[in-house]
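S.K.: Show me the folded form of this:
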Amino acid sequence: MSDIIRVAPDTIEAAIREVLAARDVPEDDAGATARGLVAANLRGVDTHGLACLPDYVTCLDENRIKAKPDMRVERRLPWAATLDADNGLGPAAATRATALALEAAREFGIGATAVRRSNHFGAAGVYAAMAAEQDCIGIVCANASTVTAPFGAAAPLLGTNPLAVAVPAGRHPPFVLDMATSEGSRKKVRKALAEGKPIPDGWSLGPDGRPTTDPAEALKGVMLPFGGVKGSGITLLMDILSGVLTGARFGGDVLSVLTNQERESGNGHFVLAFRVSAFLAEGEFAARMDEEIDRLKALPPAMGFDEVSYPGEREWRISTERAAHGVPVSKKLWSEVTDLGARCLS
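M.R.: Below is the predicted model of the structure:
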């Protein structure tokens, strides 16, 4: 018998809202967090979806994340905002930051939001995709707890620092690049450990500074940036944009909200959105994007591939299928979530 069940997205969202509301999370923040996690599940990024809820609840229960943050917005320029998230839920902060950037983009053609004093925000692509839905190009990045060694180093300084870029198209699904700037994410390492599976070569160094495929050793050691020195530079850039620029923690000072008891984790995010119509009419841009994708899709597949695909295409297909047939959730996780809900009502 399979240990996977299918749960309707609306059911998952309602369960998350209920659990968070019982922790005194305001309706808007609970809703934003629920939508962000469900959107990750719909796109197939299950490690950053519902699976995050138990950890978020633990952090709320232990007052490591504020249930009722006093998020404040400052502006130096009309199109730019800085959001102090006051140690609130990361998805709520990122959703508000994206809304601020899009509001400015509608008025000025471009909008940017720098976020400080935030936490883990789920899947970066969820927020970038919000921009593409409004005929904007969205760029979202964040820094994370210190687990990644820069190129040539055996000690960590950076996080897995995600980068997401979303670009609208016409006939085709939008281009959505969503990636950790390490070879793999810590959540995927923990998932491999739980499943008793090795991690791929090149993801991590163990505590002895040697490459390892053992997820337990990887968790004791450091993650590696993707693409050698080039990827290391991009990982550092994400820390600069998300940490140095925003006023958040940076350069080895970001802590894991899941494990630290010392202080706020100090994550930063950066959101940039600009209207394609600032450069081309939306219809013309969409047609040109479709032509770009048509040319890519017309290429002959390499050996071992059925087709040539682009970032966001697979996730779009998964989202369509899961919206119709439900999100696959392990019985263990769903039992944990429903237990959290039952405890809320007791």
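S.K.: For the rest of this, base every contact and every neighbour count on C-alpha atoms.
M.R.: OK.
S.K.: Now do the strands for the stretch 101-250 of the chain: every range, in order, please.
M.R.: Per DSSP state E, counting those that start in this stretch, the stretch 101-250 of the chain carries strands over the ranges 110-118, 136-142, 163-167, 175-179, 204-205, 211-212, 222-223.
S.K.: Show me what the biggest helix by length in the chain is in contact with.
M.R.: In the chain, ranked by residue count with DSSP state H as the criterion, the top helix is helix 90-108. Residues outside helix 90-108 that contact it (CA atoms under 8 Å, 6 or more residues apart in numbering): 28-30, 32-33, 36-37, 71, 78-81, 83, 85, 110-115, 118-122, 127, 130-131, 136, 269, 271-275.
S.K.: for that helix, which positions count as buried?
M.R.: 90-106 (16 or more other CA atoms under 10 Å).
S.K.: Give me the angle between that helix and strand 110-118.
M.R.: Counting by axes from the mean of the first three to the mean of the last three CA atoms, to 10 degrees, helix 90-108 lies at 160 degrees to strand 110-118.
S.K.: got the CA positions of helix 90-108 in CSV?
M.R.: In CSV, the C-alpha atoms belonging to helix 90-108 read as follows (Å, rounded to 0.1, in the frame of the first residue of the first chain):
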residue,chain,number,x,y,z
GLY,A,90,9.3,34.4,5.9
PRO,A,91,6.5,33.7,3.4
ALA,A,92,4.4,36.5,4.8
ALA,A,93,7.3,38.9,4.5
ALA,A,94,8.2,37.8,1.0
THR,A,95,4.6,38.0,-0.2
ARG,A,96,4.3,41.6,1.2
ALA,A,97,7.6,42.5,-0.4
THR,A,98,6.6,41.2,-3.8
ALA,A,99,3.3,43.1,-3.5
LEU,A,100,5.2,46.3,-2.7
ALA,A,101,7.5,45.8,-5.7
LEU,A,102,4.6,45.1,-8.1
GLU,A,103,2.6,48.1,-6.8
ALA,A,104,5.6,50.4,-7.7
ALA,A,105,6.1,48.6,-11.0
ARG,A,106,2.5,49.4,-12.0
GLU,A,107,3.1,53.1,-11.3
PHE,A,108,6.7,53.6,-12.2
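S.K.: what ranges of the stretch 101-250 of the chain fall below the confidence cut-off?
M.R.: When residues are selected by pLDDT under 70, none of them lie in the stretch 101-250 of the chain.
S.K.: mind listing the helices for it?
M.R.: For the stretch 101-250 of the chain, applying DSSP state H, counting those that start in this stretch gives helices covering 124-132, 186-195, 215-220, 228-239.
S.K.: Point out the most buried one among those helices.
M.R.: Comparing those by mean neighbour count (mean count of other CA atoms under 10 Å), helix 124-132 comes out on top with a mean of 26.
S.K.: chain center to that helix: distance?
M.R.: Here helix 124-132 is found 9 Å from its chain centre; the criterion is CA atoms, centre = their mean, to the nearest Å.
S.K.: now the angle from that helix to helix 90-108?
M.R.: Here the directions of helix 124-132 and helix 90-108 differ by 20 degrees (the same axes, to 10 degrees).
S.K.: winner for burial among the strands of the stretch 101-250 of the chain?
M.R.: Most buried of the strands of the stretch 101-250 of the chain, by mean neighbour count (mean count of other CA under 10 Å): strand 222-223, with a mean of 30.
S.K.: That strand packs against which elements?
M.R.: In this structure, strand 222-223 makes packing contacts with strand 204-205, judged by 3 or more CA pairs under 8 Å, 6 or more residues apart in numbering; DSSP states H and E.
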